[in-house]
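Undergrad: just the structure for this:
(one chain, ligands or ions: 2)
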Amino acid sequence: MKSSRLLPVLTGIILTCASALSTAAPAAAPAAGTSTALATAASGRADGTDRTDHFRVTLLGTGTPVPSPARAGYSTLVEAGGQKLVFDFGRNVSVRLWQLRIPLGSVDAHFLTHFHSDHLVGLPDLWLTGWLRPPYGRRDRPMVLYGPAGTRALAEGLRQAFAADIAIRHKDEGSALTGITIDAHDVAPGVVYEKEGVRVTAFENDHGDNIRPSYGYRIEYRGRVVVLSGDTRFSPAVVAQARNADVLVHCVTLIPDALLASNPAYRAIYDHLSSPEDAARVFQAAAPKLAVFSHIGLNGDAPVGQIVERVRKTYAGELLVGEDLTRVDIGLEGRTGTPGGIAVWQEKQ
Ligand SMILES: [Zn+2]
Ligand SMILES: [Zn+2]
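TA: Ligands and ions are numbered 1, 2, ... in the order given. All right, here's what the predicted structure looks like:
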């Protein structure tokens, strides 16, 4: 049973199923109803369905460039069937993966949204540490990487930057070069990955006039849909991709009104990223079964509760402010919106 397997590592399910989600405050929501939640989470497998049905989103890092111990740089893990896909590689992505006891070298494919460093600085670590022989590494095949034009050049630059380390470990430790090869692909918008029923589509979002291309990704598996907005201000493309999706993971940036009034320069942030009101517009129009915030910018030390307050003025649907290692399971029954189709819980950081 999933419940007994997961129970020891839970800090308590923070949210689960549609009715509980709608009134949910951010991560500190109480664990009340945990037993019900566990039963719900378990029900997807109790009928004998196996890992081939498995579709799960894990927020590896929900932060921004802020060097925060609580919020790692932006990164998201999507598990579908037996495949592990990682989208963006912010600071500490490797730490978060290994907290889940996922060997870094076991990731099947990697996807980059754009070239801002807060989405990238964790890539060299994931790449190099994933090549090491201990259980946390063990990549013995090329690292598969997709991203906008420039991704191949990035991979070549990394290879040059770390040429000495690669040569040393190859000679001194006998590490095979296959596992440190990057199989990099510059991809245009459209379907960029399709394997064993898992399809990943890149689409252009709107991260500002000088940051093009910038991608969001849509992941489909056995009738279920997860959309990652990437870094974007309000984008009709995100609305179109996420319409009736099971889960939409969206960026958000909060600038308190007083801060904006005293320092209008902050307004430029909203030319690149979504305010709570922008995100609410997207959620209202796209109507995902569950809207999740990640890449959470809190200017002026604003509390996350302010994000929820502002979203709630116009959006009443299911909403979750993510934390690092928040996990979302999307059951097959989620297709029809049946309660229990989506289960959410928080792993210990
Ligand atoms: Zn960015
Ligand atoms: Zn960013």
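Undergrad: which residues of the protein lie near ligand 2?
TA: 116, 118, 231 (C-beta under 5 Å from the ion). The way it works is simple: take the backbone N, C-alpha and C, and place the C-beta from them, glycine included.
Undergrad: out of the residues you listed, which is most surrounded?
TA: D231 (26 neighbours; other C-beta atoms under 10 Å).
Undergrad: I figured that one hits D206, correct?
TA: No: contact criterion C-beta atoms under 8 Å: D231 and D206 do not qualify, at 9.4 Å.
Undergrad: just want the residue of the stretch 201-349 of the chain that's nearest ligand 1.
TA: D231 (3.5 Å; C-beta to the ion).
Undergrad: what's the closest residue to that residue other than its chain neighbours in contact with, if anything?
TA: Spatial nearest neighbour of D231, chain neighbours left out: H207 (4.7 Å); criterion: C-beta to C-beta, 6 or more residues apart in numbering. By C-beta atoms under 8 Å, 6 or more residues apart in numbering, H207 lies in contact with 114, 214, 230-233, 272-273.
Undergrad: okay, the residue nearest to V187 when sequence neighbours are not counted: pLDDT?
TA: Once flanking residues are discounted, V187 sits nearest to Y146: 5.1 Å by C-beta to C-beta, 6+ apart. The model reports Y146 with a pLDDT of 98.
Undergrad: shouldn't Y146 be in contact with V192?
TA: Yes: taking contacts as C-beta under 8 Å, Y146 lies within contact range of V192: 5.1 Å.
Undergrad: settle it for me: which of the two has more neighbours?
TA: Between Y146 and V192, Y146 has the larger neighbour count (other C-beta under 10 Å), namely 22 against 18.
Undergrad: residues in contact with the regular element (helix or strand) spanning that one?
TA: Secondary structure from DSSP states H and E places Y146 in strand 143-147. With C-beta under 8 Å, 6+ apart as the test, strand 143-147 has contacts from 107-114, 127, 130, 151, 154-155, 179-187, 192-193, 200, 202, 215.
Undergrad: residues of the strand or helix carrying V308 that come out buried?
TA: Here V308 is covered by helix 304-311, with elements defined by DSSP H and E. Judged by neighbour count (16 or more other C-beta atoms under 10 Å), helix 304-311 contains these buried residues: 304, 307-308, 310-311.
Undergrad: one more: stretch 104-115?
TA: 104-105, 107-114.
Undergrad: distance from it to the middle of the chain?
TA: Between the centre of stretch 104-115 and the centre of its chain there are 11 Å (C-alpha atoms, centre = their mean, to the nearest Å).
Undergrad: again, but for stretch 182-193
TA: 18 Å.
Undergrad: what residues of it count as buried?
TA: 182, 184-185, 187, 192-193.
Undergrad: on the three-state scheme, the closest residue to D140 other than its chain neighbours is what?
TA: The shortest distance from D140 to any non-neighbouring residue, by C-beta to C-beta, 6+ apart, is to G179 (4.8 Å). The assignment at G179 comes out as helix when based on DSSP: H, G, I helix; E, B strand; the rest coil.
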